[in-house]
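this is a predicted model, with the sequence first.
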Amino acid sequence: MNTRQLSEAILDGGIRSNNFFNGRLLSAEDLSGEQQANRSGHQALGQSVGDGIAYGLEVSKANQAGNDPIVSVQPGLAINRYGDTLRLNTATDVSLVRPAESLSLPAVAQAGFNACQPLQTGSYVTGAGVYLLVLCPAQGREGRALIGGLNNNASGCNTRFIVDGVKFRLIQLELTPSELNDADHLRNTVAYKCFGASDMKSLISDPFRTHPEGNGLLDRLRPSRLTDCDVPLAVLHWSGTGGIRFVDMWSARRPTVRASIDGRWNGIAGERRASEAEAMFLQFADQLDALRIVNPEGVVASQYFRYLPPVGVLPLARPGAVRGFNYWKFFEQRVYRGPIFIEGSRVEALIRRGMSYAPIDLNNGEMVWLYVVRETYDPRAFSPGPTPFEYVVFASGHIPFHGEALYNVARWNYSNYS
């Protein structure tokens, strides 16, 4: 390590831009170097924003033709760990079966994403498996530029445009046979492996120990399989006979998150922890929507879930309404308190505060709070409008009680008394 003096300019590793002045001779290499300097500056800005999905890029199951699994990806923007911006401009259907032979693709430019090379080749093995769909950068060439020279000879490098684009890649997740065979719990199992629920317990019990394996299944894929070029989009379960069983975005989807200044505490106090808590909440909501297609009134939480988010919203069944769940059935054989009336003005605070707690582990006997919102039951709150859809907010028993009756705020017959 070199010792430097105060006010001494440190230029090692700095971005080098060409100095333009009248009379200077310019070559193609000079202009390419200027492009690379601009790209390096943009990457540094992207790294400061953080990697993840800025907006869009929602993944859903598309109509399948035979055994060819296809997903639809909406337009959007993401940033990878190198700071590259990955933009998908139009809604795209993606076939998840790689051809046996490589497709004839445009020549890849060498000036840009040299660090981002594919890791897998050949065809996928058709069979039951869980896969991670990722987005990564790609480049191609378009058009021909006019050239000039002493002999007007054709040039092999007279491409008019170098186009920055994207491509999709699949990574198979390694799960045990027992996990794969437990179809009812598989979606929840994979989600909380990605969230690192068990790793969080280890980190909290011994935060001063080095945890080189990282936090969660996605960290364990880095860097050999999931690279810094890739942005995870969704987890999907695909079998050769049943096609795509589910597409779970929030197991892998994260908003852009800045790198932690002190990585040691990132798993507890950093932005990443907050983004994972939000993903738990949204992943549960998406899985509930899938369960509502069948018989939601008879669903028991332990039938499909090992973990629940620390706070969540359960839509309730009501005759003639959109199908919902029965809370007493959903939390069957669980210890719960309530449902307890709370004011609607407390719901947002309850959800936001609850996201800072650990997920609910259904393998232990910890109590769960159940709350119902006064405005959905009190006719004075919604008259003369339509009757609201009833729901229960559940919360980990570790979250402080939010149902106290407050003087001059609580409503008669919709309050709780100690």
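Perfect, I can see it now. Numbering: from 1, shown residues only.

list the contacts of the closest residue to Tyr377 other than its chain neighbours.
With C-beta to C-beta, 6 or more residues apart in numbering as the criterion, Tyr377 has its nearest non-adjacent residue at 6.9 Å, and that residue is Tyr414. For the C-beta atoms, the positions are set from N, CA and C on the backbone; glycine is no exception. Residues in contact with Tyr414, defined by C-beta atoms under 8 Å, 6 or more residues apart in numbering, are Phe341, Arg374, Tyr377, Asp378.

now the phi/psi pair for Asn18, please.
phi -70, psi 140 (degrees, to the nearest 10).

cool, His237 as well?
The phi/psi pair for His237 (degrees, to the nearest 10) is phi -110, psi 120.

show me what it is bridged to.
Val130, Phe246 (DSSP bridges).

that one is in contact with Ser251, isn't it?
No - between His237 and Ser251 there is no contact under C-beta atoms under 8 Å: 10.5 Å.

who's more crowded, the two?
More crowded of His237 and Ser251, by other C-beta atoms under 10 Å: Ser251, with 30 against 22.

tell me who's in contact with that one.
Taking C-beta under 8 Å, 6+ apart, we find Ser251 in contact with Val190, Ala191, Cys194, Phe195, Ala234, Val235, Ala279, Gln283.

for the fifth one, which non-adjacent residue is closest in space?
The spatial neighbour of Ala234 that comes closest, neighbours along the chain excluded (C-beta to C-beta, 6+ apart), is Val59 at 4.0 Å.

now the one you found: how far from Val231?
Val59 sits at a distance of 12 Å from Val231 (criterion: C-beta to C-beta, to the nearest Å).

more neighbours: those two, which one.
Relative neighbour count places Val231 above the other of Val59 and Val231, with 27 against 22, counting by other C-beta under 10 Å.

and the more buried one, bridged to which residues?
With DSSP bridges as the rule, Val231 is bridged to Leu135.

before we move on, the earlier item: can you tell me which of the contacts of Tyr414 are buried?
The neighbour-count test (16 or more other C-beta atoms under 10 Å) marks Phe341, Arg374, Asp378 as buried among the contacts of Tyr414.

where does this structure dip in pLDDT?
64-67, 98-128, 148-157, 211-213, 240-241, 263, 320-322, 407-408, 410-412, 416-418 (pLDDT under 70).

Ala290 and Phe246 touch, don't they?
Yes - assessed by C-beta under 8 Å, Ala290 is found in contact with Phe246 at 6.7 Å.
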